[in-house]
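Participant: Got a predicted structure plus its sequence, pasted below:
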Amino acid sequence: MTAETTAPIVVAIELDDPDLADRLAALLGTVSGLRLAAPGERADVVVVTPEPATRGAGDGFQLTARERDVLALLAEGASNKEIARSLGISVHTAKFHVGSLLDKLDATGRTDAVAHAARHGIINL
């Protein structure tokens with residue numbers, strides 16, 4: 001396939017920040033092989049405002065969605081092996097997430113992490 005016969009990639013921009021959307025449109029408009037989508041036109045790629053990495057970001061803790069999943073399982077008393085099985089991850093990865101939670105929540109152990117999270121409204125017991 002040559003560049004002449006290849007259809008351009010159609011890109012739609014759906015950002016919450018209009019200034020950023022305009023800057024991105026100006027930048028992408030100069031890229032060969034790309035075309036900005038007209039309003040309502042189907043696009044091959046859509047650039048959107050990302051969802052926050054954390055739910056309840058106002059709690060002051062920057063927990064990922066996966067860390068929140070692990071925290072919920074910790075609150076149920078799950079072991080690393082049970083967490084790994086539930087989430088389809090390795091035990092090593094489960095241990096990593098638990099350690100990260102302990103650090104982020106400044107907790108001394110699993111029970112302390114759950115207690116901190118409950119006190120700060122991250123989880124409901």
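Facilitator: Okay, I see it.

Participant: tell me which element A12 is part of?
Facilitator: strand 9-14 (DSSP states H and E).

Participant: same for that strand, what does it pack against?
Facilitator: When contacts are defined as 3 or more Cβ pairs under 8 Å, 6 or more residues apart in numbering; DSSP states H and E, strand 9-14 packs onto helix 18-28, strand 34-36, strand 45-48. From N, CA and C alone the C-beta is placed, and that goes for glycine too.

Participant: deepest of the ones you listed, which one?
Facilitator: Comparing the helices and strands packed on strand 9-14 by mean neighbour count (mean count of other Cβ atoms under 10 Å), strand 34-36 comes out on top with a mean of 16.

Participant: Give me the residue ranges of the chain where confidence is low.
Facilitator: For the chain, the stretches with pLDDT under 70 are 1-5, 51-60.

Participant: One more pass at 90, please.
Facilitator: Low-confidence segments of the chain (pLDDT under 90): 1-7, 11-22, 24-25, 28-29, 37-66, 87-89, 119-125.

Participant: can you give me the offset of the strand holding A12 from its chain's centre?
Facilitator: 21 Å (Cα atoms, centre = their mean, to the nearest Å).
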